Structures are given as structure tokens and as C-alpha cells.
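Colleague: need the 3D shape of this:
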Amino acid sequence: MQPYRYRLNAVAALFALSAPAAVLAAEAAAEAANLPIADVVVVSATRVGHPSFALPAAIDVIDSARIGDGQIRVNASEALAAVPGLVVQNRQNYAQDLQISSRGFGARSAFGVRGVRLISDGIPASMPDGQGQAATFNLDTAERIEVLRGPFSAIYGNHSGGVIQLFSRDGKNPPSVELNVTGGSDGTNKADLNAQGEANGIGYVLDGSRFRTDGFRDHSAARREQAFGKITVKPTADSKLTIVANSLHQGNTQDPLGVTWATFQRDPRAGELDASDTQNPKRTLAERYDTRKSIDHQQLGATWEQRFGDDRLRVMAYGGNRDVIQYQAFTKGFQAPASHSGGVVDFQRDFYGVDTNWTHMNQLAGGKLSTTIGIDYGRSKDARTGYENYLGDVFGLKGRLRRDEQNVVSSLDPYLQAEWQSGPWMLSAGVRYSRMKVSVDDHYLGNGNDSGSVEYSHTTPVLGLLYQLNPNLNVYASAARGFEAPTLNELFYSGSGSGFNFKLKPATSTNLEAGVKARIASSTHLNAAVFQVHTDDELVVDVSSGGRTSYKNASKTVRQGVEVSFDSSLPYGFTTRWALTSLHAVYDEAFGAVARGSRLPGVPSANLFAELGWKDSLERFGAAFETVASKQVYAEDSNREKPAPGYTVFNARVNAKQSVGTWRFKQFARLNNLFDKTYVGSVIVGDSNKRYYEAAPGRNWLLGASAQYVF
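Modeller: Numbering: from 1, shown residues only. The predicted structure follows:
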């Protein structure tokens with residue numbers, strides 16, 4: 001550990017950041033006007049609050065009811081399944097986090113989230129290199145999640161094939177304390193305790209939770225503790241200070257690894273047997289090498305916002321620590337190159353950043369013009385070591401040192417965004433210059449010196465135009481240039497085994513979209529978008545074996561698709577929601593053994609979410625029936641291996657709530673995969689051992705209850 005390293009302690013992790021005051025005021029106005037969910041004020045696309053209906057961008061809002069009602073609130077996949085264009089898979093592997101892709105961006109990530117920008121309460125949950133962790137989202141305190149797709153994502157710079165922003169609630173009077181408990185299949189249980197309120201003008205939200213599961217798959221047990229806090233203070237009528245912090249601890253989370261198609265067919269729960277094991281019966285790879293991961297993550301952020309009439313200054317700063325140790329199935333007998341870092345990954349990361357922007361409002365050409373100018377800086381520093389994952393003949397133990405280095409990633413992005421609105425027209429434009437630098441200081445020279453640096457930069461312009469045909473029908477079009485630099489993990493190895501791959505180039509894309517947003521009567525919303533994305537120098541898996549994955553730049557790709565979402569309130573308390581995506585994502589040029597027209601791995605050609613819900617007139621009881629469907633998914637670039645077949649599953653839930661004096665009670669029951677469908681929930685892209693497949697659970701259940709006391 002470096003002597004300069006700072007540490008955020010558990011006490012510090014009890015504060016949080018909120019949406020800008022102007023947006024909160026706009027939200028309050030929308031709530032007072034009883035606007036439907038499709039008209040909720042959002043900030044993701046333009047940084048200035050607008051109803052999502054009035055923006056030239058594909059953006060969906062997931063409200064607190066969908067996030068929390070009838071869910072255990074552990075994985076963002078529970079709520080994000082209802083968003084078109086987005087594929088969010090729970091891999092049943094808490095050592096590798098969720099698998100998230102937006103219009104195909106991010107689908108091949110081996111772990112965590114890349115290609116999609118994650119933000120929580122204005123603070124990045126993605127590192128400066130673009131790699132993010134959705135596990136840091138605290139869903140127990142979430143007020144809403146905004147999901148931005150298409151060209152306008154590029155205003156967030158590097159790795160912004162889509163943007164997912166979580167906004168937590170503010171503390172309000174009257175104060176309350178709430179306890180939630182949930183239990184379910186496979187030894188799954190969670191307890192969550194939170195308190196919120198406002199005292200002497202200071203709003204607060206505090207939350208702590210503990211989650212446990214034995215896991216659906218063999219060797220997939222996990223435990224997770226999270227703490228969260230948020231404080232909001234308004235020193236004057238024109239200023240606001242918000243402080244946020246969160247912590248995540250996962251100790252010895254088991255990694256079940258992927259399996260071959262034959263193993264999946266034999267037993268979806270089973271792990272892949274280790275053919276080299278001398279023990280009888282043979283153990284699985286995961287069991288023999290005790291593959292697992294531990295994470296300690298703490299983050300603290302603060303935002304100061306000052307109003308000057310219609311203008312606004314906003315300053316946000318954050319910092320944190322992330323410690324990870326991971327044991328992989330890299331065997332003693334594996335003929336690895338000298339540059340291989342061994343089967344144990346161990347790093348301690350310090351990270352921090354600042355985002356400052358100024359928004360100015362004025363009149364121009366008979367319309368209202370808002371202009372935002374800002375600069376975003378982020379930096380992470382890793383003390384990274386690697387070890388053999390055995391001592392003598394005992395596997396799953398930290399052995400001999402194989403890697404010792406310091407990695408530094410920094411990004412500096414100035415940006416400018418403007419929006420002009422007059423009558424039925426809205427014109428929005430922006431530009432961002434992204435610059436990312438990666439430097440390596442190698443202290444382990446026994447396998448050669450990997451020290452060096454590489455820098456990537458790109459300008460990402462965005463342009464959008466919306467026209468209001470009538471008060472209930474808007475049409476729009478938008479375009480942008482995108483930028484996707486290699487992440488730190490993608491630079492670690494080259495296919496030749498010569499260490500860091502400083503020759504990787506960033507992928508660049510041209511993104512086009514056209515859409516329509518319609519209100520049908522007062523209770524039905526229909527959004528539809530068509531899009532096309534051309535990408536050069538797509539980053540793909542080169543070699544993946546023994547816990548070591550290298551990458552290369554491939555040829556051109558094209559993504560063409562249609563997204564449709566439909567929300568409606570029906571008679572007798574019924575509601576319905578549909579989200580449909582059709583996506584043609586292929587390589588547009590041949591390379592190696594990959595033919596032109598081969599489908600991008602990890603990307604289904606179509607997926608569907610449909611729900612029929614019901615509530616009684618007093619909202620004491622509710623129920624819903626869900627359908628989730630997906631087409632087949634290829635696991636490697638040539639499309640020659642067995643694809644994960646398509647599937648359709650059905651889920652159901654019931655809810656109830658009661659009030660007794662100052663007490664509020666809620667209960668729910670949920671049954672997933674009603675017909676016990678056996679299917680592959682996610683794939684590991686490009687695994688050279690053909691262990692691509694990760695099984696989804698069969699029929700499983702959840703029961704939950706909460707008690708809230710309002711003071």
C-alpha cells in the first residue's frame with residue numbers, strides 16, 4: 001500500500017448528492033400537475049430539466065414503484081428489463097456483476113459494465129477508463145433511474161453507448177424509519193433498514209442492507225453489505241449543498257465460471273469438471289481452484305449549486321477507494337507466457353474527480369437559449385499485483401508474485417452544450433473533447449519491462465432537432481459521433497503475450513436516430529425510434545484462456561434497429577407496459593475467420609418485455625403478470641459455435657399494503673419463471689475453452705415485508 005493513500009471510513013459513507021435544485025423544482029411542478037410517468041422531468045440528455053416527452057432523444061424513466069415494488073432491490077436488472085434497447089442480464093454470478101448493453105454497446109464485457117456510462121446521483125459509477133460497476137447502485141433509496149440511449153449519450157464522452165443514471169430521494173418531513181426483509185429460493189435473504197427526514201433545514205437519508213444467497217449455480221454463494229447516506233442543506237434560497245456517500249462490501253463471493261454446452265445440457269446448475277483433477281470424483285474447476293472475489297468499495301461526493309437568477313453554477317467533486325482480490329481458475333500446469341500475471345488479481349485503487357459547469361439563460365431569435373459550458377476531470381491510481389493461485393499442491397491460495405505495477409488512468413473532458421426552444425421547435429447541440437491517458441510503471445521486471453503510456457483523444461459532437469406537430473405528437477432526429485477507448489483491463493495483455501497492448505486503438509462510431517413520441521388520450525404513451533450506428537475499429541476478443549483475455553481491433557460493424565415502448569392505463573385499475581427491441585448488429589467487413597455479416601456476440605436480434613398490472617381503487621392490493629423474451633445470442637465472433645437459444649419466461653407478483661395509525665405495512669410475493677423454463681441467461685464472449693454459457697434460474701420465489709413508522 002502506498003503511504004500517501006487516503007481512506008474513506010464507514011462514518012464518511014453516510015452522505016449523498018442529489019439532482020440540481022432547478023430540476024427538483026421542475027419535478028415538483030410536474031408532480032403537482034399530475035403528469036404521467038412518460039412526462040417526468042429528466043436531466044440526462046440536456047443537463048436542463050425537461051419532460052422526457054419534449055426531448056429529441058430516446059430516454060426512459062423507471063420510477064421508484066417499478067424499482068421497489070415486488071423486488072428484492074439487489075440487481076438493477078430487476079427494474080431495467082422494462083427499457084427498450086437495453087439488455088441487462090443477471091449472470092447469477094455476483095463475482096462478475098451484471099451484464100449490460102445498450103443497442104449492442106457493452107455486450108462483450110467479460111465482467112462489470114463497459115461501453116455504457118453509469119452515474120449515481122451525479123457522481124460517476126464508471127472509472128475514467130470507462131469500466132463501471134452497477135453493484136454500487138443503492139436501489140433501496142432510488143427515486144428514479146433515467147436511461148438515455150442513442151446519439152445524445154455521446155455528450156458524456158468516452159464509453160457512452162448509453163447512459164444509466166440513478167437518482168436517490170431527498171430526506172423530507174415527516175421523518176420515518178423503515179425495515180424491509182425479503183427471503184426466497186436458494187437461500188436468498190436480505191434485510192434493509194433506512195431512515196429519512198428533515199431537521200432544521202437539513203435533509204437526510206440513511207440506509208444499510210445485508211444480502212445473502214447460496215446461489216442458483218454450484219459454487220455461486222454471495223454476500224453483500226451496503227451503506228448509503230445523503231445530506232442536503234440549503235444555506236440560502238439560491239444555493240444548495242448536497243453530500244453523498246456509499247460503501248459496498250462483498251467478501252469471498254464465489255465465481256461459478258462458465259460451462260460448455262454439453263455441461264449445461266447435463267445440469268444447468270453444475271460447474272465444468274476439471275479433467276486434470278486426480279481426485280475421484282473429479283471436482284469442478286470452480287471448486288478445485290476456489291474461484292472467488294472480494295470487493296471493498298467506498299465513495300464520497302459533494303455538490304455545490306448556486307443560482308444567479310436564471311443562471312446556475314454547479315461544482316461536483318468526489319473521491320473513493322476500491323480494493324479487489326480475485327482468484328481465477330489458472331492452473332499450475334497451464335503453459336502460460338512469462339508475462340502472465342498468475343491466477344490471483346489483487347489491486348488497491350484510489351480515484352477522484354471534479355465536474356464544474358455553468359449554465360446561462362438568455363433570449364435569442366425569439367426563443368429561449370440555454371448554454372452550458374463545463375469541464376470534467378477524473379483520475380484513478382491502482383497498486384496492482386498478481387500471484388500464482390496455488391502453494392505447492394494446494395490450489396486457491398495466494399502464491400508466488402507474478403506481477404507488480406502501478407497503473408494510472410486520467411481523463412480531461414471540456415464540453416459545451418446549448419439548447420434553443422421557440423414555439424414548436426427545439427434545437428439541441430453539444431460537443432465534448434475527450435482525452436484519456438493510461439500510464440504503467442512496472443516494478444516486476446522478471447518478465448520484461450511493461451512500463452509505458454498511451455493517450456487517446458476524440459471530439460464527440462451531438463445534434464438534435466424536435467418538432468411538435470401538435471400538443472400530443474412530437475417527431476425528432478439526432479446524430480452524433482461516438483468514442484470508445486480500450487479500458488485498462490483490455491490493455492493488460494496482447495495476443496502475442498508480450499505484456500501491455502499499447503497498440504490498441506479506440507473504436508469510433510457515427511450514430512443516427514429518428515423517432516416519434518405520442519400521447520394517445522391522457523392515459524397512453526407511445527415512443528418509437530429507429531437508429532443506425534456505424535463503428536470503425538471495433539474492439540473484440542483476441543485470445544481468452546486461463547483467466548487471461550487479450551483484445552484486438554476488428555473491422556467495421558453496423559447496428560440497425562427499432563425500439564418501441566408503450567404505456568397505458570386501462571379501465572378497472574389495469575395498466576400495461578410493452579418494450580420491444582429489434583436489433584441487427586453485424587460485422588460489416590470480414591476479418592480473420594469471421595465472415596462479413598456475422599452477428600456481434602452477446603447481442604440478441606430481438607427482445608421483449610410485456611406487463612399487465614392491476615391495482616384496486618384505494619391501491620391497497622396489486623398484481624402483475626410479466627413476459628420476458630429474447631432471441632438467440634452468439635457467444636463468439638464467427639457464429640460457428642452453438643448460440644444460446646432464445647427463450648420466453650413468465651413472472652407474476654402480488655402486493656398489499658396497510659396503514660394503522662402512524663405505521664405503514666407492505667407485503668409482496670413474487671414467482672419468477674412460472675413454467676420452470678431451462679435456458680441460458682447470459683454468455684461469456686470469446687472464451688477459448690468454449691465455456692460460454694451461464695444458466696438462468698428455474699422456477700424461483702421471493703417473499704417480502706416491510707414496516708415503516710412515521711413520526
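
Colleague: OK, contacts around residue 283?
Modeller: Contacts for residue 283 (C-beta atoms under 8 Å, 6 or more residues apart in numbering) come out as 273-274, 277. Using the backbone N, CA and C atoms, a C-beta is placed for each residue, glycine as well.

Colleague: check residue 396 too.
Modeller: 288-292, 327, 389-390.

Colleague: now swap in residue 572 and tell me
Modeller: residue 614.

Colleague: that one should be in a helix, yeah?
Modeller: Yes: counting by DSSP: H, G, I helix; E, B strand; the rest coil, residue 572 is found in a helix.

Colleague: that older thread, any chance of the contacts of residue 283 in CSV, plus secondary structure?
Modeller: Listed next are the contacts of residue 283 as CSV, based on three-state DSSP:
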residue, secondary structure
273, strand
274, coil
277, coil
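
Colleague: put together CSV for the residues you listed, with distance to residue 632, neighbour count and pLDDT on each row.
Modeller: Shown next, in CSV, are these (distance: C-beta to C-beta, whole Å; neighbours: other C-beta atoms under 10 Å; pLDDT from 0 to 100):
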residue, distance to residue 632, neighbour count, pLDDT
273, 26, 18, 94
274, 29, 19, 92
277, 33, 16, 88
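
Colleague: looking at those residues, which one is closest to residue 690?
Modeller: residue 273 (13.9 Å; C-beta to C-beta).

Colleague: hang on, isn't that closest one packed against residue 266?
Modeller: No: if you go by C-beta atoms under 8 Å, residue 273 and residue 266 don't touch, sitting 9.9 Å apart.

Colleague: in a markdown table: the contacts of residue 283, plus distance to residue 129.
Modeller: A markdown table is the format used below for these (distance: C-beta to C-beta, whole Å):
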| residue | distance to residue 129 |
| --- | --- |
| 273 | 36 |
| 274 | 33 |
| 277 | 37 |
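
Colleague: and the gap between the most centrally placed residue in the chain and residue 411?
Modeller: Note on the chain: the residue nearest the mean C-alpha position is residue 134, at 4.4 Å, using C-alpha atoms, centre = their mean. Per C-beta to C-beta, to the nearest Å, residue 134 is found 20 Å from residue 411.

Colleague: circling back: wait, which of the contacts of residue 283 is closest to residue 260?
Modeller: Of those, the one sitting nearest to residue 260 (C-beta to C-beta) turns out to be residue 273, at 9.8 Å.

Colleague: excluding residues flanking it in the chain, which one is nearest the closest one?
Modeller: Nearest-residue entry for residue 273: residue 282, 5.0 Å, with adjacent residues in sequence omitted and distances by C-beta to C-beta, 6 or more residues apart in numbering.

Colleague: same question, residue 66
Modeller: Using C-beta to C-beta, 6+ apart, the nearest residue to residue 66 is residue 79, at 5.4 Å.

Colleague: got it, and residue 568?
Modeller: residue 524 (4.1 Å).

Colleague: and the helices in the stretch 51-200 of the chain?
Modeller: Here the stretch 51-200 of the chain has its helices, by DSSP state H, counting those that start in this stretch, at 64-68, 77-80.

Colleague: pick the most buried one from those.
Modeller: Most buried of the helices of the stretch 51-200 of the chain, by mean neighbour count (mean count of other C-beta atoms under 10 Å): helix 77-80, with a mean of 22.

Colleague: what's that helix packed up against?
Modeller: helix 64-68, strand 86-89, strand 142-149 (3 or more C-beta pairs under 8 Å, 6 or more residues apart in numbering; DSSP states H and E).

Colleague: give me the neighbour count for the closest residue to residue 647 other than its chain neighbours.
Modeller: Leaving aside its sequence neighbours, residue 647 sits nearest to residue 679 (C-beta to C-beta, 6+ apart; 3.8 Å). Number of residues near residue 679 (other C-beta atoms under 10 Å) recorded here: 19.

Colleague: correct me if wrong: residue 679 contacts residue 696.
Modeller: Yes: applying C-beta under 8 Å, one finds residue 679 in contact with residue 696, separated by 5.5 Å.

Colleague: mutual contacts of these two, please.
Modeller: 647, 649.

Colleague: distance of residue 154 from residue 705?
Modeller: Distance from residue 154 to residue 705, by C-beta to C-beta: 44 Å.

Colleague: who's more crowded, the two?
Modeller: Using other C-beta under 10 Å, the more surrounded residue of residue 154 and residue 705 is residue 154, with 27 against 15.

Colleague: returning to that earlier point: the residue nearest to the centre of the chain against residue 99, yeah?
Modeller: No: assessed by C-beta under 8 Å, residue 134 is found out of contact with residue 99, at 9.6 Å.

Colleague: check contacts around residue 653.
Modeller: 69-70, 623-624, 626, 668-671.

Colleague: go on, residue 582?
Modeller: 561-562, 605-606.

Colleague: pLDDT below threshold where in this protein?
Modeller: 1-39, 331-341, 495-498, 545-548 (pLDDT under 70).

Colleague: residue furthest from the geometric center of it?
Modeller: residue 280 (41.5 Å).

Colleague: from residue 365, how far off is the nearest residue to residue 369 once chain neighbours are set aside?
Modeller: The shortest distance from residue 369 to any non-neighbouring residue, by C-beta to C-beta, 6+ apart, is to residue 420 (4.9 Å). Relative to residue 365, residue 420 is positioned 8 Å away (C-beta to C-beta).

Colleague: same check, this time on residue 295
Modeller: Applying C-beta to C-beta to residue 295 and residue 365 gives a distance of 52 Å.

Colleague: more crowded one of the two?
Modeller: For residue 295 versus residue 365, the count of surrounding residues by other C-beta under 10 Å is larger for residue 295: 21 against 7.

Colleague: got the contact list for that one?
Modeller: 135, 248-250, 253, 322-324.

Colleague: redo that, cut-off 10 Å
Modeller: Contacts for residue 295 (C-beta atoms under 10 Å, 6 or more residues apart in numbering) come out as 94-95, 97, 133, 135-136, 224, 248-251, 253, 322-326.

Colleague: neighbours around the closest residue to residue 272 other than its chain neighbours, how many?
Modeller: Nearest non-adjacent residue to residue 272, counting by C-beta to C-beta, 6+ apart: residue 259, 4.6 Å away. Look at residue 259: counted by other C-beta under 10 Å, it has 31 neighbours.

Colleague: residue boundaries of the helices in the protein?
Modeller: Taking DSSP state H as the criterion, the chain carries its helices at 21-32, 64-68, 77-80, 261-266, 285-288, 488-491.

Colleague: the second one: how far from the chain's middle?
Modeller: Averaged C-alpha coordinates place helix 64-68 at 17 Å from its chain's average position (C-alpha atoms, centre = their mean, to the nearest Å).

Colleague: helices or strands next to it in the packing?
Modeller: If contacts are counted by 3 or more C-beta pairs under 10 Å, 6 or more residues apart in numbering; DSSP states H and E, helix 64-68 sits against helix 77-80, strand 142-149, strand 162-168, strand 606-615.

Colleague: out of those, which one sits most buried?
Modeller: When the helices and strands packed on helix 64-68 are compared using mean count of other C-beta under 10 Å, strand 162-168 is most buried, at a mean of 26.

Colleague: what is that strand packed up against?
Modeller: helix 21-32, strand 58-63, helix 64-68, strand 86-89, strand 99-102, strand 117-120, strand 142-149, strand 222-233.

Colleague: redo that, cut-off 8 Å
Modeller: Going by 3+ C-beta pairs under 8 Å, 6+ apart, strand 162-168 lies up against strand 117-120, strand 142-149.

Colleague: okay, those in CSV with distance to residue 372 next?
Modeller: Below are the helices and strands packed on strand 162-168 laid out as CSV (distance: least, C-beta to C-beta, whole Å):
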stretch, distance to residue 372
strand 117-120, 16
strand 142-149, 16
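
Colleague: which of these sits closest to residue 443?
Modeller: With C-beta to C-beta as the yardstick, what comes closest out of the helices and strands packed on strand 162-168 is strand 117-120 (31.2 Å).

Colleague: in that closest one, what counts as buried?
Modeller: For strand 117-120, a neighbour-count test (16 or more other C-beta atoms under 10 Å) marks 117-120 as buried.
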